[in-house]
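Undergrad: Build me a structure from this.
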Amino acid sequence: MEVSIQETAVVRAVKSPFDHDHVLSLSHVDTDRNLTVTLRYLRVYADNPDQKSDPFHVITQSLSAALVRYYPFAGTLLRRIPDGRFELHCHAGDGVPVVRASVDIPLSHVSNFDAEVDGDFSGRMVPDPDPDGSSIRPMTLQVTRFSCGGFVLGAAVHHAICDGLGATLFFNAMAELARGSGQMSIDPIWGRTTLLGPRNPPRLEFPIKEYLSLDKDFSPYTGSGKRVVKECFNVKEEWLDQLKKILHHQSGSKFTTFEALGAFIWRASTKSCEVPVHEKVTFAYSINIRKIANPPLPAGYWGNGCVPMYVHLTAAEVAEQPIWKTADSIKKSKHNATAEYVSSFIDFQELHYEDGISGGRRVSGFTDWRHLGHSTVDFGWRGPVAVVPLSRHLLGSVEPCFFLPGKETDTVNVLVHLEDDVILSFRQEMDKLKNLQEYGLQSAI
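TA: Numbering: from 1, shown residues only. Down below sits the predicted model:
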C-alpha cells in the first residue's frame, strides 16, 4: 500500500501573535525526563457526503487561525544551559509542518485502522521526528486522504509541550474554528512556571523518595534491544464484570476497570517475561492534577497537567499473590494524589533533575485513553471513528499498555507492547480472562 506524499506546507498563524522573538520556560512537570518522547497517534475520519471541502485545506486553515493563540506549537524546543531542561524558543514566522498525502485505497481496506493493522503502514500516516535531535518541533501533522473520501489526521506532538488532555484542548479549538465558530470557547493559558513552579525554598513534605529513583546512568527508553511487537485484545464487559465480581467476593472491595484489568495484565506480563522473583517491578500511570493542584489549574491550561503515580512490588508478589491484592495496591496508590504530592513531585524535580529521576528499571506503563475526549474533535466530518496510538515510549516504559474504546460499546480495546518471544505466553495468560468461570476462582486468579 503506497502512501503518496504531495507536499509539506509550513502553516503559520494567520496574523502575527507577537512582535519580538522570545523564550518560554516550561514547568517542572513538562520537563520530567520521562516526557522526553514524541507522542504519535492517528485520528481516523470517515467520509461525510455532506462535506465537500478538502480536509487538508480545512485543517490547515483552522490550524493557522488557532496558532494565533496557540503559537508555542510553532516554536522550537531546545535544551538550556547548564541544566539541560527543555525551553521553547519562539521566532517570528515560525510555523507547524503539515504533510499532505494520499492513498489509493478505501479506509475499509484497513478496517478504519483497527489496532491490528500493519504497524509500518500506520506509521506512514504521521511523520516520525527524532526526539533526540538538538532542536525539536513541538508538533508535526499529516493529512492523508483515502479513495473513499475519508482521511487520517496524524499527529506527532512532543510530550514536553502538553499531555493528551492539553493536545485535545488544542485540536478541539481547531475543530471549533473549522466548523465556523469565530472564536474558541476556552481561552488557552500558558502560565507554566507560575502555575506549576517549585516552591521557594523547595521542600519534600510528601515521602516522594519512596516512589522515585535517582540514577544518572539509566535511560528509561533504551530497552533490551529485542524486537517489541504490539497486539490488541478486545475485552468484553461481561468478562470484566465477572473479574470484578470475583475480586469483590475475595476482598470485599469494589474495583474499577482500570484497577482490576490493570492488575490482571500486570500479572500476565510479569509472568510471561519470567522476571526474577526478587526484582522490583513498577506499575506506572498518570493522574490528572488539574483539580488537585493548589490552586487548581484553570480550564484553559494546556500544558502537562498529569503527574505519574507508581506502585512498586516484587515480581513474586505480582505473579503469585491473589490479583485482588495487586488491584488493591493500585487503588490505594490513588490516595497519594494530593496537592502535597504534586508540590513535592515538582520540588523533587527542582532538587534532583540532574541526578537522573526515574520510576525504576522495570516499569510497566498503563494509560487509559477512553475518556480523553478524542471523539469530540469534529472538523466537519463528525468525530473520528478511531483513535490509534503509535508510540511505545510512555511513563518510563518501553512496553506500555493502552486502554482504548472498543469497536463495540460493550468492549475495551487493550493494546499491549511486549517482546516478541513472550507474546505467546502472554496470550495464554489473557485467555484466562475470558474463561474465568471455566477455570474457577482459584485456578484463574
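Undergrad: give the contact list for the residue positioned nearest the centre of the chain.
TA: With distances taken as CA atoms, centre = their mean, the residue of the chain nearest its centroid is Gly164 (5.7 Å). When contacts are counted by CB atoms under 8 Å, 6 or more residues apart in numbering, Gly164 is found next to 39, 369, 372. The way it works is simple: take the backbone N, C-alpha and C, and place the C-beta from them, glycine included.
Undergrad: let's see 10 Å
TA: Taking CB atoms under 10 Å, 6 or more residues apart in numbering as the criterion, Gly164 is in contact with 39, 41, 157, 286, 304-306, 367-369, 372-374, 387, 389.
Undergrad: Then Leu88?
TA: Contact analysis of Leu88 by CB under 10 Å, 6+ apart lists 22-26, 30, 71-78, 136, 138, 160-161, 190, 192.
Undergrad: separation between the residue nearest to the centre of the chain and Asp420?
TA: Taking CB to CB, to the nearest Å as the criterion, Gly164 is separated from Asp420 by 28 Å.
Undergrad: What of Ser224?
TA: The spacing between Ser224 and Asp420, counted by CB to CB, is 11 Å.
Undergrad: Let's see the pLDDT reported for Gly383.
TA: Gly383 is assigned 93 on the pLDDT scale.
Undergrad: Revised request: answer the last question for Arg370.
TA: Arg370 carries a pLDDT score of 86 in this model.
Undergrad: just to revisit the earlier point, select from the contacts of Leu88 every entry located in helices.
TA: When helices are assigned by DSSP state H, the members of these inside them are Arg192.
Undergrad: Among the contacts of Leu88, name the buried ones.
TA: 25-26, 30, 71-75, 77, 136, 138, 160-161, 190, 192 (16 or more other CB atoms under 10 Å).
Undergrad: I'd assumed Val68 was in a helix, is it?
TA: No: under DSSP: H, G, I helix; E, B strand; the rest coil, Val68 sits outside any helix and is assigned coil.
Undergrad: Now do the contacts for it.
TA: By CB under 10 Å, 6+ apart, the residues touching Val68 are 12-17, 177, 184.
Undergrad: ok, now which ones touch the closest residue in space to Thr168 that isn't next to it in sequence?
TA: The shortest distance from Thr168 to any residue other than its chain neighbours is 4.7 Å, reached at Gly373 (CB to CB, 6 or more residues apart in numbering). Residues in contact with Gly373, defined by CB under 10 Å, 6+ apart, are 164-165, 168-169, 171-172, 383.
Undergrad: can I get these in TSV with secondary structure?
TA: Compiled in TSV, the contacts of Gly373 are given as follows (three-state DSSP):
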residue	secondary structure
Gly164	helix
Leu165	helix
Thr168	helix
Leu169	helix
Phe171	helix
Asn172	helix
Gly383	coil
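Undergrad: quick one: which of those is most hemmed in?
TA: Among the contacts of Gly373, Phe171 has the most neighbours (other CB atoms under 10 Å), with 25 neighbours.
Undergrad: Please determine how far that one is located from Arg43.
TA: When distances are taken as CB to CB, Phe171 and Arg43 turn out to be 8 Å apart.
Undergrad: Quickly list what's touching both of those two.
TA: 153, 155, 374, 377, 379.
Undergrad: Can you verify the last one is assigned to a strand?
TA: What that stands for is Phe379. No: secondary structure assignment places Phe379 outside any strand; it is coil (three-state DSSP).
Undergrad: Identify the residue nearest it in space, chain neighbours excluded?
TA: Beyond its immediate neighbours in the sequence, the residue positioned closest to Phe379 (CB to CB, 6+ apart) is Ala178, lying 4.4 Å away.
Undergrad: Contact partners for the one you found?
TA: The contact partners of Ala178, by CB under 10 Å, 6+ apart, come to 53, 55, 58-59, 61-63, 65-66, 377-381.
Undergrad: For stretch 405-417, buried residues please.
TA: Of the residues in stretch 405-417, those with enough neighbours to count as buried (16+ other CB under 10 Å) are 405-406, 411-417.
Undergrad: would you turn those into TSV with pLDDT and distance to Gly359?
TA: Formatted as TSV, the entries for these read as follows, by pLDDT from 0 to 100; distance: CB to CB, whole Å:
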residue	pLDDT	distance to Gly359
Pro405	87	27
Gly406	82	29
Thr411	90	30
Val412	93	25
Asn413	92	25
Val414	95	21
Leu415	94	21
Val416	95	19
His417	94	17
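Undergrad: which intervals of this protein have sub-threshold pLDDT?
TA: Within the chain, the set of residues satisfying pLDDT under 70 comprises 115-118, 130-134, 437-445.
Undergrad: for it, what spans make up the helices?
TA: So, for the chain - with DSSP H - the helices run 55-66, 119-123, 164-178, 192-195, 237-251, 257-272, 315-320, 323-333, 339-352, 423-434, 436-444.
Undergrad: for those helices, which one sits closest to Leu212?
TA: For Leu212, the closest of these is helix 339-352, at 6.4 Å, according to CB to CB.
Undergrad: Quick check: which helices or strands does that closest one pack against?
TA: Of the remaining helices and strands, those touching helix 339-352 by 3 or more CB pairs under 10 Å, 6 or more residues apart in numbering; DSSP states H and E are strand 306-314, strand 357-358.
Undergrad: Just send those back as JSON lines, with distance to Val126 and mean neighbour count too.
TA: JSON lines is the format used below for the helices and strands packed on helix 339-352 (distance: least, CB to CB, whole Å; neighbours: other CB atoms under 10 Å):
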{"stretch": "strand 306-314", "distance to Val126": "22", "mean neighbour count": "20"}
{"stretch": "strand 357-358", "distance to Val126": "27", "mean neighbour count": "22"}
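Undergrad: and of the ones you listed, who's closest to Lys325?
TA: Of all the helices and strands packed on helix 339-352, the one in closest proximity to Lys325, counting by CB to CB, is strand 306-314 (9.1 Å).
Undergrad: Paired strands for that closest one, with orientation please.
TA: Strand 306-314 has the following sheet partners, assigned by DSSP bridges: strand 280-288 (antiparallel).
Undergrad: circling back to that earlier point, nearest to Cys148, of the helices of the chain?
TA: Among the helices of the chain, helix 55-66 sits nearest to Cys148 (CB to CB), with 12.4 Å.
Undergrad: Can you point out the buried residues in the closest one?
TA: 55-56, 58-66.
Undergrad: so which of those comes closest to Cys401?
TA: Distance to Cys401 across the buried residues of helix 55-66 (CB to CB) is lowest for Ile59, with 30.4 Å.
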